[in-house]
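In: Sequence plus the predicted model coming up.
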Amino acid sequence: MENKAFDRSKRFDLLRLNKFYLFWCRFFVDLNALNAVVQLFYLQRGVTLSQIYFLGIAFSVGVLIFDIPSSYLADRWGRKNTIFLGVLINILANGYLFVARGFWPFFIDTFILAASYSFFFGVEDAFLYDNSKEMKQEGIVIKTAGKYAAAGRISKILTPLFGAIIAKNLTSLQFDILLFINFVSSCFAAFFAFKLTEPKRFIAKFQTQLSIFKDGLSTFWNTEALRVFALNKSSIFIASFIFWRFYQDALYTRGFSVLLLGLIYPVSNAILVSVFVLAPKITEKINYSLIFNSVVYITLGASILFILTDFKLALYLSSIILLSVATVRDPFFFQQIHYRIKSYNRATSSSILGIFKNLSDIPLLLLSGYIASFGGKWIMVIPITLSLITIVFFRIKPKYIVLSYNED
């Protein structure tokens, strides 16, 4: 009995260390010194503004190809192994950027990065949730989710500003320094991924990959709330993503310095970290439906403002807002979605939710690239349209909200 108690205690300690390792793995994977000037980096390396949007298509196609297979792998081979593989692919993607020049090399690199994203971020949620469940801490999932979402954002508070200072003259050598920082950061992430301990997956009986997929697909199609959550979240994320592909060149050509561009990321990510850390307290004070739906109206207002004004302060503040809205609701969506999905196929079901976003990305990014070829700020018509569609068709109703965890 003492040995069993000792083994359980040791197992619990290993699972508790997972929180530390996964936090730092996420921190270093998300650390990107290039973010504050990435569009300017593309332009300097021979990619046009329209082609920057087409690079997003490579990412969406890559995620569509790799997301479900990576989730199968996670459910069968293990969460830890799949996460580690994703980080190794991330190292490859960052290394390839040193030699990439022109549209097609960047298209290939973006496709590789999509594979890394699928193998890491597509599985990370499942790892986190099942780790909490084995520790019997699933009831505080929103608090835990907020912490790990914050990990990725903390690395983006100072790093982009540091990157903007290094690349202030936008020279090739300065960009290479930023690429080297990203490469080393990915190597650190691999170390922490290797240290993870695989949590139990709570499978009641053996199921084939096909039955796991069918069950996940059935869960999605038969649950109205999941469909609305996915489409609401995806629409606003795409609206923010389209703006992200556009804003650096738009502000730079209007007289904003590289240093000012570098300040946008720290401010927007500081906002996100605050929301992620305070997520449990926020839900105590504010109605869930208001949290979800107010962000959509804020996106609409900021997008309209960016089109109508040339006042620099308004452009700057609306940029910060539009970069924040993409993921500010993530801990709340994480809780609501995962309360409805069985543990054993959590990664697979999460991937199914992401399919709609990536399918929507492709035509919208094609349209964005076409509009961007004409120049100007009219690309913002797409975020405005997406916000209006979300308000009319994908509003989060109170009946969709689950307030407590129910055992699978």
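Out: Received it, and whenever you're ready, just let me know what you need. Numbers count the residues shown, from 1 in each chain.
In: Identify the single longest helix in this structure, thanks.
Out: Secondary structure assigned by DSSP state H gives helix 103-134 as the longest helix of the chain.
In: For Phe333, give its distance to Pro398.
Out: Here the distance between Phe333 and Pro398 works out to 16 Å (Cβ to Cβ, to the nearest Å). (C-beta placed from N, C-alpha, C; glycine too.)
In: who's more crowded, those two?
Out: Under the criterion of other Cβ atoms under 10 Å, the comparison of Phe333 against Pro398 puts Phe333 first, with 19 against 9.
In: and Arg254, what helix or strand is that in?
Out: Counting by DSSP states H and E, Arg254 is held by no secondary-structure element, helix or strand.
In: And for it, the neighbour number?
Out: The number of residues packed near Arg254 is 11, by other Cβ under 10 Å.
In: Would you mind confirming that it makes contact with Leu315?
Out: Yes: with the criterion set as Cβ atoms under 8 Å, Arg254 and Leu315 qualify as a contacting pair; they are 7.1 Å apart.
In: So which residue is smack in the middle of the chain?
Out: Ranked by distance to the mean C-alpha position of the chain (Cα atoms, centre = their mean), the top residue is Thr327 at 6.9 Å.
In: Just say helix, strand or coil for that residue.
Out: Reducing the assignment to helix, strand or coil with DSSP: H, G, I helix; E, B strand; the rest coil, the entry for Thr327 is coil.
In: Leaving out the residues flanking it, which one is nearest to it?
Out: Leaving aside its sequence neighbours, Thr327 sits nearest to Leu272 (Cβ to Cβ, 6 or more residues apart in numbering; 6.4 Å).
In: For Val295, see how far away the one you found is.
Out: 12 Å.
In: which residues do these two both contact?
Out: Any residue near both Leu272 and Val295 by Cβ atoms under 8 Å, 6 or more residues apart in numbering counts here, and that gives Val328.
In: where in this protein is pLDDT low?
Out: Across the chain, the ranges flagged by pLDDT under 70 are 1-8, 122, 137-153, 201-217, 219, 338, 340-354, 356, 404-408.
In: now the strands: where do they sit in it?
Out: Along the chain, no segments are classed as strands by DSSP state E.
In: can I assume Leu226 is in contact with Phe220?
Out: Yes: under the criterion of Cβ under 8 Å, Leu226 lies in contact with Phe220, with a separation of 5.4 Å.
In: what distance separates stretch 158-169 from the middle of the whole chain?
Out: Here stretch 158-169 shows a centroid-to-chain-centroid distance of 22 Å under the convention Cα atoms, centre = their mean, to the nearest Å.
In: Could you pull up the residues touching Leu113?
Out: The contact partners of Leu113, taken as Cβ under 8 Å, 6+ apart, are 59, 62, 90, 93.
In: Kindly reformat those residues as TSV containing neighbour count and distance to Pro199.
Out: Converted to TSV, the contacts of Leu113 look like this (neighbours: other Cβ atoms under 10 Å; distance: Cβ to Cβ, whole Å):
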residue	neighbour count	distance to Pro199
Phe59	21	29
Gly62	22	27
Asn90	27	22
Ala93	22	27
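In: now, which of those sits nearest Thr283?
Out: Using Cβ to Cβ, the shortest approach to Thr283 within the contacts of Leu113 belongs to Phe59, at 31.5 Å.
In: out of everything not next to it in sequence, what's closest to the closest one?
Out: Among residues not flanking Phe59 along the chain, Ala114 sits closest, at 4.6 Å (Cβ to Cβ, 6+ apart).
In: so what's the one you found up against?
Out: Contacts of Ala114 (Cβ under 8 Å, 6+ apart): 58-63, 65-66.
In: With Gln51 instead?
Out: The contact partners of Gln51, by Cβ under 8 Å, 6+ apart, come to 42, 103, 369.
In: quick one, what contacts the second one?
Out: For Phe103, the contact set (Cβ under 8 Å, 6+ apart) comprises 46-48, 51, 54-55.
In: Restricted to buried residues, select these in ChimeraX.
Out: In ChimeraX, selecting the buried portion of those, with burial taken from 16 or more other Cβ atoms under 10 Å, looks like this:
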select :47,51,54,55
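In: and the two most separated of the contacts of Phe103?
Out: Every pair of the contacts of Phe103 checked by Cβ to Cβ; the farthest is Gly46 and Phe54, at 13.5 Å.
In: returning to what we had before: right, and the residue nearest to the centre of the chain touches Val273 too?
Out: No: in this structure, Thr327 is not within contact of Val273 by Cβ under 8 Å, at 11.0 Å.
In: If we ignore the residues flanking it in sequence, what's nearest Ser257?
Out: Counting by Cβ to Cβ, 6+ apart, Ser257 lies nearest to Lys168, which is 8.0 Å off, once chain neighbours are set aside.
In: phi, psi of that neighbour?
Out: Note on Lys168: backbone dihedrals following degrees, to the nearest 10 are phi -60, psi -30.
In: buried ones in the longest helix of the chain?
Out: Neighbour-count burial for helix 103-134 flags 103, 105-107, 109-134 (criterion: 16+ other Cβ under 10 Å).
In: what's the answer for stretch 68-87, then?
Out: Buried residues in stretch 68-87 (16+ other Cβ under 10 Å): 68, 70-75, 78-87.
In: That one: end-to-end distance?
Out: End-to-end span of stretch 68-87 (Cα to Cα, to the nearest Å): 17 Å.
In: How far does it sit from its chain's centre?
Out: On Cα atoms, centre = their mean, the centre of stretch 68-87 falls 17 Å from that of its chain.
In: Same question for stretch 21-32.
Out: Its chain's average C-alpha position is 13 Å from that of stretch 21-32, according to Cα atoms, centre = their mean.
In: Stretch 87-100 now?
Out: Remark: stretch 87-100 is offset 19 Å from the chain centroid, using Cα atoms, centre = their mean.
In: Now tell me what touches it from outside.
Out: Residues contacting stretch 87-100 (Cβ under 8 Å, 6+ apart): 25, 29, 45, 105-106, 108-109, 112-113, 115-116, 119-120, 176, 179, 182-183, 186-187, 189-190, 193.
In: let's see 7 Å
Out: Stretch 87-100 is contacted from outside by 25, 29, 45, 106, 109, 112-113, 115-116, 119-120, 176, 179, 182-183, 186-187, 189-190, 193, using Cβ atoms under 7 Å, 6 or more residues apart in numbering.
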